[in-house]
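Undergrad: following is a predicted model, sequence given first.
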Amino acid sequence: IRGLKHLNRAVHEDVVAIEVFPKSQWVGASGTVQLDEKIDEEEDLNTMPDGNAENSIYVRPTGRVIGIIKRNWRNYCGVLLPTDNTEKTKHIFIPSEKRIPRIRIETRQADVLMSHRIIVSIDCWPRSSRYPLGHFIRDIGPMGDRDTEEEVLLLEHDIPHLPFSKSVLDCLPKLPWSIADYEFVLREDMRNTCVCSVDPPGCTDIDDALHYKPLPNGNCEVGVHIADLSYFVRPGTALDLEAQKRGTSVYLCDKRIDMVPEVLSSNLCSLRANEDRLAFSGIWEMTQEGEIVTRKFCKTVIRSVAALTYAEAQILIDDKSRTDPLSEGLRGLNELAKKLKERRIQAGALTLASPEVRFHIDSETHDPIGIETKELKETNSMIEEFMLLANCEVARHIEKEFPQCAVLRRHPSPPLTNFDLLVNAAAVKGIQVKCNTNAELAHSLENANIPGDPFFNILLRIVSTRCMMQAVYFCSGMLPEEEYFHYGLAVPMYTHFTSPIRRYPDLLVHRLLAASVGQDKTYTELLDRNIVHEWCENMNYRHHQAQLVQRASIALHTQLYFKDKCLDEDAYILFVRRNAIVVLVRRYGLESTIFLKAVESQVNFLYEEDKCKLTVGRVTLQMFDRVIVQISVEDCSIQHKKLRMKLVNPIIPGVSVEPIYVTMGNNDGPHVPRPESARH
């Protein structure tokens, strides 16, 4: 839908009726990326250039809005359009969300608000007005201030983040708290079992712990112990309704927004070392090859012997001189995890990749002082395998007991056309990728290697991730069983059981599981598939918004870290567009778009969509090629700063910039490309 005329005063997120134009007016995806700075300068929304439908392999219908069925206006964050006359009362407000039109407002505080982030609400959109009319609500804070910018991120992504209300806090147990005597009668006492947790550094909301015990018959006993949040959060209470509304904990780079109050998330429910804790446990007898012999779910009392980081657990596993029960148990779990993972991969499970970064935050200023890609160890995979095992086992159990109202999670199979880009890009490098099934794709990715370029396989897996559909929560009674399938994990049924402190669906699963083993009662809403379906829709929305705000937080902290820096780094081309390339800087796990078409450049551009290739003069840029880029932070509009990358090598006249040969003097040391590398 192109232009204000065809939008017909519709605003993003409105429910509208549209008229689809004849196919002769449809357009092909142009492959052209629009420059960010043009967004605020351009008064007409959605004016991206179109491609030729006949020449493009991706065709998009076009149309126009013919009616507004339901308005979904909300409060919008943004800034006032700068003006020399701050004494006037009528002003233009520019929303942070680029899909929202400018809004006309009246205020007498323009001199104070001009350099601040503010909140504005839409009142109406008269037929005669180019922009909707609204009013000022409140001042958030100075533009560029870290706390202000984080507040904007939370508001724009609809993240509930206000302090918990008194009615919620009144539901919490009084401190000091201890486990009641009757719980030891109702639960299995496993405090003498060697249980431990393994988490990232600094983790305080410890959801899960494990144990491993050899059995006399040569098999082993494995336990997955999950914090029993359902003991503290009872259905229908103010605490439960608030957790349901929030749906998930949200992790920003320098803070965590809890789903439940901290006294639960980081204290009474957190499976901290050397403290008695209530848990919901899955216990399996398994052969040394990972075959399950028996299974049991029960509520327990545990006492973790250690709260380890992934690195600490890895040290215990690798140090063969250690023969204590904790180290031996970790080795047993690690060996078993390898066999479980091998079996999953043989069944068609996908091992995908996504660049993740970790910031080092200054303890006083809270500014980022370092950035690095997260390093994964064997112990990361070990924990993942047993969480997957528990989730799969619980899914089968609750679906069998409650076939109409089980909370499950599915991952739909992507349309084969989603993989066209992946297949074409791999083919250019002489690699054949088959994707008719997840098993075919998994096998292709496992064998997609280029000698001398180990990072190529990771790049291919990153691109594969972009081809996937979104995994979603659903109520079992709303879909046929053949649609329960989880494509990425290659399992017929899956759920989330292992993180109730930070995910509301896990809490619902705990309630279903407890009822199925006779350790709790059901309630009306939990057995009503229509209500459960509504809960799942909200949980999907909250989960998606949490993902978006986490990415936005990473972008914000990346800008803060690279402010006043200008570095040259090696990068790889992830995608090729008609006028740009999308690159990934491996060192930092950063991704950015590099616009190539400079005004002063007279070179010819030849874009070959099917070959994932862009020829600029005599230089060819292709997916997965290695390049050198220059990283800096620039103002891309009135209110947006953005990490900007420019091409250094290969050299394209009028496009490439000169390399930097100076030491920046930052904590990471010099970032100096070899002079010869900037020319080959």
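TA: Cool, the structure landed.

Undergrad: can we go C-alpha only for contacts and neighbour counts from here?
TA: Will do.

Undergrad: can you list the strands that the helix or strand containing Val648 pairs with?
TA: With secondary structure defined by DSSP states H and E, Val648 is part of strand 641-649. Looking at strand 641-649 with DSSP bridges, its partner strands are strand 626-635 (antiparallel).

Undergrad: ok, residues contacting the strand it pairs with?
TA: Strand 626-635 is contacted by residues 559, 562-573, 641-650, 657, 659, 678 when judged by CA atoms under 8 Å, 6 or more residues apart in numbering.

Undergrad: quick one on the thing from earlier: neighbouring contacts of the strand holding Val648?
TA: When contacts are taken as CA under 8 Å, 6+ apart, the neighbours of strand 641-649 outside the stretch itself are 555, 558-559, 562, 568, 592-595, 627-636, 655-659, 678-680.

Undergrad: export that strand as PDB, just CAs?
TA: The C-alpha coordinates for strand 641-649 follow below in PDB (Å, rounded to 0.1, in the frame of the first residue of the first chain):
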ATOM      1  CA  LYS A 641      21.400   7.500  15.800                       C
ATOM      2  CA  LYS A 642      22.600   4.400  14.100                       C
ATOM      3  CA  LEU A 643      25.600   2.200  13.800                       C
ATOM      4  CA  ARG A 644      26.900   2.900  10.300                       C
ATOM      5  CA  MET A 645      29.200   0.800   8.300                       C
ATOM      6  CA  LYS A 646      31.100   1.800   5.200                       C
ATOM      7  CA  LEU A 647      33.000  -0.300   2.700                       C
ATOM      8  CA  VAL A 648      36.800  -0.200   2.800                       C
ATOM      9  CA  ASN A 649      37.700  -3.200   0.800                       C
END
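
Undergrad: how distant is that strand from the center of its chain?
TA: Chain-centre distance of strand 641-649: 24 Å, with CA atoms, centre = their mean, to the nearest Å.

Undergrad: what's the answer for stretch 241-254, then?
TA: 14 Å.

Undergrad: how about it: buried residues?
TA: If you call a residue buried by 16 or more other CA atoms under 10 Å, then stretch 241-254 has these buried ones: 242-254.

Undergrad: where in this structure is pLDDT low?
TA: The model of the chain has pLDDT under 70 over residues 29-58, 597-602, 636-638, 661-680.

Undergrad: which one's the longest helix in it?
TA: Secondary structure of the chain read by DSSP state H shows that its longest helix is helix 529-562.

Undergrad: angle of that one against strand 641-649?
TA: 60 degrees (axes from the mean of the first three to the mean of the last three CA atoms, to 10 degrees).

Undergrad: and helix 529-562, which residues are buried?
TA: 529-530, 532-533, 535-540, 542-543, 545-546, 549-550, 552-562.

Undergrad: do the same with stretch 275-284
TA: Neighbour-count burial for stretch 275-284 flags Asp276, Arg277, Leu278, Ala279, Phe280, Ser281, Gly282, Ile283, Trp284 (criterion: 16+ other CA under 10 Å).

Undergrad: of those, which belong to strands?
TA: Counting by DSSP state E, these place Asp276, Arg277, Leu278, Ala279, Phe280, Ser281, Gly282, Ile283, Trp284 in strands.

Undergrad: tally of neighbours for Arg60?
TA: 14 (other CA atoms under 10 Å).

Undergrad: and if you look at the one 10 residues further on?
TA: Using other CA under 10 Å, the number of residues around Lys70 comes to 12.

Undergrad: so what's it closest to, chain neighbours aside?
TA: The shortest distance from Lys70 to any residue other than its chain neighbours is 5.0 Å, reached at Val15 (CA to CA, 6 or more residues apart in numbering).

Undergrad: same thing with Thr294?
TA: Closest residue to Thr294 apart from its sequence neighbours, by CA to CA, 6+ apart: Glu285 at 5.2 Å.

Undergrad: is that neighbour in a bridge, and if so with what?
TA: Glu221, Thr294.

Undergrad: residues contacting it?
TA: Residues counted as contacts of Glu285 (CA under 8 Å, 6+ apart) are Asn219, Cys220, Glu221, Val222, Ile292, Val293, Thr294, Arg295.

Undergrad: out of the contacts of strand 641-649, which are buried?
TA: Buried residues within these, defined by neighbour count using 16+ other CA under 10 Å: 555, 558-559, 562, 568, 592-595, 627-633, 636, 655-657, 659, 678.

Undergrad: in stretch 431-450, what counts as buried?
TA: Those would be 431-435, 438-445, 448-449, for stretch 431-450 by 16+ other CA under 10 Å.

Undergrad: repeat for stretch 456-469
TA: Buried residues in stretch 456-469, counted by 16+ other CA under 10 Å: Phe456, Asn457, Ile458, Leu459, Leu460, Arg461, Ile462, Val463, Ser464, Thr465, Cys467, Met468.

Undergrad: from the chain's centre, how far out does the helix or strand where the fifth one lies sit?
TA: In this case it means Leu460. Using DSSP H and E, Leu460 maps to helix 455-466. Averaging C-alpha coordinates over helix 455-466 and over its chain gives two centres that are 17 Å apart (CA atoms, centre = their mean).

Undergrad: okay, now Ala306: neighbour count?
TA: By other CA under 10 Å, the residues close to Ala306 number 18.

Undergrad: please verify my assumption that it contacts Thr193.
TA: No: in this structure, Ala306 sits apart from Thr193 without contact. The criterion is CA atoms under 8 Å, and the distance is 11.9 Å.

Undergrad: measure the residue nearest to Lys70 to Asn72 for me?
TA: As defined by CA to CA, to the nearest Å, Val15 lies at a distance of 7 Å from Asn72.

Undergrad: now Phe595
TA: Counting by CA to CA, the gap between Phe595 and Asn72 amounts to 34 Å.

Undergrad: and if you look at Lys299?
TA: Where Asn72 is concerned, Lys299 sits at a distance of 44 Å (CA to CA).

Undergrad: more neighbours: those two, which one.
TA: With neighbours defined as other CA under 10 Å, Lys299 and Asn72 compare such that Lys299 has more, 23 against 11.

Undergrad: stretch 299-311: how far from the chain's middle?
TA: Centroid separation for stretch 299-311 versus its chain: 27 Å, with CA atoms, centre = their mean.

Undergrad: hang on, isn't Gly247 packed against Tyr504?
TA: Yes: Gly247 sits in contact with Tyr504 when judged by CA under 8 Å, with a separation of 5.0 Å.

Undergrad: so what sits against both of these two?
TA: By CA under 8 Å, 6+ apart, the residues touching both Gly247 and Tyr504 are Met259, Met539.

Undergrad: got the contact list for Phe136?
TA: Counting by CA under 8 Å, 6+ apart, Phe136 makes contact with Ile105, Glu106, Thr107, Ile118, Ile119, Val120, Ser121.
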